[in-house]
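Chemist: Model the structure of this input:
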Amino acid sequence: ITCTSKPCTWNKGSLKRDPLVAAGRQYDSFKIDVIRRNVFDPRPTQHRNGPSTRMINDFLRALQKTKEIPFAFQGLLKIQYDDFTYDNIDFTIFKYLRRELYEYLLQLKPKHHSGPYELQGTTAQFESPLYRFVRSITCTASVCHQIAHFRSESAKKNFLQHQMWNMKGGESKGMAYGKTNEPIARQKYVQDQMDPKHSRGINLHTKYPGLSCSHDGWITRDGKVIKVLEIKCPYSLQSVDPNYFDSFLQGKKLQTFYLTRNISGDIELKEDTIYYDQVQMISRVVAPSKKGLLTIPITFNTTAWANLSPKLEKFHWEYMAVEYFARRTTLELNPLCLP
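Modeler: The predicted structure is shown next:
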């Protein structure tokens, strides 16, 4: 939008012959998603800050007195990244800030507590600023398989842009289907099985401050948690009983599906899928559809977790914690790695 009342000369390519000032015209191709990305801030509300009213007014006054350039667009500086380098002082600062971030994450735990815990004030999930903040700066269970199998710096950059700064992708049909049907599946499980204690907040562990997960409930016995619930609603089986997935899916869809049937006829979760790594923090998976409910017990695999957890901790320490302060991926630069 121009800051003057002069005609929008850069819009001469429009089909209309009398272009108005930019503020007076509507553009169908304008993506509202751009605004959402520009204003996205993962920090808690009380920690956010923006330009003050005085700063904005000073800028507008200075702009009005500018005579050398007729349009604000011509005053934009071209961003150069050729000299975007760091020295040892910068590395020292980033390492200090990283340590401060870990200290903050450790302070989130209840007083005198050790082990796993649910973070208070996060049961509203994405409506909770604290939930969004912690989820954006930690390695969540839903992406742990992806993190453990990175092959390039560009893959890490794309992941950080999406996970930390909400710059990539959107909600797919499968994600929308799962979000709609998970509450239905949970209620069905409660009716058919045991009554789980609902847990909608984000869960952390004092031993792994850089890791987090948000499961779908837990089952208690004599006051102790014996099973944790994770629900998956496969979009590909929305009209099929999941107990008969291998009769419906064919070819490549069956090969890439996360369930398999062993020689005994029992349904199992494949160990090389993203969900197997995810449920190493949990112990039960429910796969529902409109036609049925499939419950699969998953035991905690100490060997698999011993192989997975160091990769997650290493990535969070060397990349995510540094990116929170360096913000390189927001400039389309590869992330900075600090051992």
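
Chemist: all strands of the stretch 101-250 of the chain, in order?
Modeler: 116-118, 139-140, 203-205, 208-213, 218-221, 224-231 (DSSP state E, counting those that start in this stretch).

Chemist: ok, Met281 - contacts?
Modeler: Each residue near Met281 by C-beta atoms under 8 Å, 6 or more residues apart in numbering is listed here: 141, 203, 213, 215, 228. Where you see a C-beta, it was placed from the backbone N, CA and C, and this is true even at glycine.

Chemist: Could you count how many residues lie near the fourth one?
Modeler: Here the neighbour count serves as a burial measure; for His215 (other C-beta atoms under 10 Å) it reads 23.

Chemist: so which of the strands of the stretch 101-250 of the chain comes closest to Glu103?
Modeler: Closest to Glu103 of these, according to C-beta to C-beta: strand 208-213, at 9.0 Å.

Chemist: Starting from that closest one, tell me which strands it pairs with and how they run.
Modeler: strand 139-140 (parallel), strand 203-205 (antiparallel) (DSSP bridges).

Chemist: Need those strands in JSON lines (columns: mean pLDDT and distance to Thr330).
Modeler: What follows is those, written out as JSON lines (pLDDT from 0 to 100; distance: least, C-beta to C-beta, whole Å):
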{"stretch": "strand 139-140", "mean pLDDT": "95", "distance to Thr330": "19"}
{"stretch": "strand 203-205", "mean pLDDT": "92", "distance to Thr330": "26"}
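
Chemist: Pick the most buried one from those.
Modeler: strand 139-140 (a mean of 22; mean count of other C-beta atoms under 10 Å).

Chemist: export the strands paired with strand 208-213 to a markdown table and tack on distance to Lys173?
Modeler: Supplementary listing: these in a markdown table, determined by distance: least, C-beta to C-beta, whole Å:
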| stretch | distance to Lys173 |
| --- | --- |
| strand 139-140 | 22 |
| strand 203-205 | 28 |
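
Chemist: Out of these, flag the one nearest Lys314.
Modeler: Of these, nearest to Lys314 by C-beta to C-beta is strand 139-140, at 10.0 Å.

Chemist: and the nearest residue to Glu153 once chain neighbours are set aside, how many neighbours?
Modeler: The spatial neighbour of Glu153 that comes closest, neighbours along the chain excluded (C-beta to C-beta, 6 or more residues apart in numbering), is Asn334 at 4.5 Å. Counted by other C-beta under 10 Å, the residues lying close to Asn334 total 13.

Chemist: and Asn334, which of the three is it?
Modeler: Classification of Asn334 by DSSP: H, G, I helix; E, B strand; the rest coil places it in coil.

Chemist: What of the one 4 residues further on?
Modeler: Classification of Leu338 by three-state DSSP places it in coil.

Chemist: residues contacting it?
Modeler: 91, 94-95, 98, 318, 322.

Chemist: Buried members of those residues into ChimeraX, please.
Modeler: A single ChimeraX command selects the buried members of those (16 or more other C-beta atoms under 10 Å):
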select :94,98,318,322
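
Chemist: Closest one of the contacts of Leu338 to Leu259?
Modeler: Glu318 (34.1 Å).

Chemist: Tell me which two of the contacts of Leu338 sit farthest apart.
Modeler: Across the contacts of Leu338, no pair lies farther apart than Phe91 and Glu318, at 12.2 Å, counting by C-beta to C-beta.

Chemist: can you give me the helices in the stretch 51-200 of the chain?
Modeler: 53-64, 88-106, 129-137, 144-148, 153-165, 173-192 (DSSP state H, counting those that start in this stretch).

Chemist: quick one: Cys139 and Pro209 touch, right?
Modeler: No: the pair Cys139 / Pro209 is not scored as a contact, 10.5 Å apart, by C-beta atoms under 8 Å.

Chemist: From Tyr276, how far out is Phe257?
Modeler: 13 Å (C-beta to C-beta, to the nearest Å).

Chemist: ok, now Gly251?
Modeler: In terms of C-beta to C-beta, Gly251 sits 22 Å off from Tyr276.

Chemist: Next: Tyr104.
Modeler: Tyr104 is 31 Å from Tyr276, by C-beta to C-beta.

Chemist: more neighbours, the two?
Modeler: Tyr276 (19 against 11).

Chemist: Break this structure down into its domains, please.
Modeler: 9-75, 97-331 (automatic domain parsing).

Chemist: possible to save the strands of the stretch 101-250 of the chain as TSV with distance to Pro339?
Modeler: Shown next, in TSV, are these (distance: least, C-beta to C-beta, whole Å):
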stretch	distance to Pro339
strand 116-118	28
strand 139-140	17
strand 203-205	23
strand 208-213	15
strand 218-221	36
strand 224-231	33
